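K.L.:
Provide a 3D model corresponding to the input given below.
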Amino acid sequence: YIKNPDSIVGVDLGLKTLATLSDGTVVENPKYYRQSQRKLRKAQKTLSRRIKGSNRREKARQHVAKLHAHIANQRFDSLHKLTTKLVRTYGVICIEDLNVQGMMKNHKLAKGIADASFYEFRRQLVYKAIGNGNTVYLADRFYPSSKRCSSCGSVKAKLDLNERTYCCDHCGLVIDRDLNAAVNLMLAASAAES
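P.N.:
As a prediction, this is how the structure comes out:
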């Protein structure tokens, strides 16, 4: 069941906000791992102080494992809710084909990318879309969704990660960077549909 089978949406994934939709909807990034870091640190410290082979060490190891499992379950739950909502609301969904493995090599962003779980989002979205009759477009890895102006189509040569607002040099458009990327993805899907 799809609420609006003819509707097209572009979804831009990010670290600051988990997803920005081309209709202006922003899905906050829950950052479950970062929320639980203090608990994990304490539990891992306790584990490291236990004597190897003891019952208390095994108990501490199980506690750490439970914390990790809880974080993973929270992440999967929120991704399932988001992907189900997208599949039930929009007929055509366009996302970027992100190089997650390559992105993980940046040690400053790796923890945040792993916490956001971009690949799991894509996996869930694709299998739910197949079962529900939606169309999912994967924009090419090198498609300049963030650098392209969603109004006039001109492409910026360089756009730093810390520039959160996109300002077009040609038409003067000022728009949130993620929203601009989402609108560009929607336009790419519209072009592919027609």
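K.L.:
so where's the longest strand in the chain?
P.N.:
Identified as the longest strand of the chain according to DSSP state E is strand 4-13.
K.L.:
Now do that strand: everything it contacts.
P.N.:
19-23, 86, 89-96, 98, 116, 118, 121, 145-146, 178-179, 181-190, 193 (Cβ atoms under 8 Å, 6 or more residues apart in numbering). In this view, the C-beta of every residue, glycine as well, is placed from N, C-alpha and C.
K.L.:
Sitting in strands, which of those residues do you find?
P.N.:
Counting by DSSP E, the contacts of strand 4-13 contribute A19, T20, L21, Y90, G91, V92, I93, C94, I95, E96 to strands.
K.L.:
and the nearest residue to the fourth one once chain neighbours are set aside, how many neighbours?
P.N.:
Going back to what we said before, that points to Y90. What sits nearest to Y90 in space, not counting adjacent residues and going by Cβ to Cβ, 6 or more residues apart in numbering, is V9, at 4.3 Å. Here the number of neighbours of V9 (other Cβ atoms under 10 Å) works out to 21.
K.L.:
In terms of pLDDT, where does the spatially most distant residue from the centre of the chain sit?
P.N.:
Taking Cα atoms, centre = their mean, the residue of the chain most remote from its mean C-alpha position is S54, at 41.0 Å. For S54, the model assigns a pLDDT of 97.
K.L.:
what sits against it?
P.N.:
S54 sits next to no residue when contact means Cβ under 8 Å, 6+ apart.
K.L.:
related to what we said a few turns ago, could you tell me the model confidence score at the residue nearest to Y90?
P.N.:
At V9, pLDDT is 97.
K.L.:
is it in a bridge, and if so with what?
P.N.:
I93 (DSSP bridges).
K.L.:
do you know how far it is from R75?
P.N.:
Distance, V9 to R75, using Cβ to Cβ, to the nearest Å: 22 Å.
K.L.:
With N29 instead?
P.N.:
In this view, N29 and R75 are 11 Å apart by Cβ to Cβ.
K.L.:
Now the common contact residues for those two.
P.N.:
Shared contacts of N29 and R75 (Cβ under 8 Å, 6+ apart): D115.
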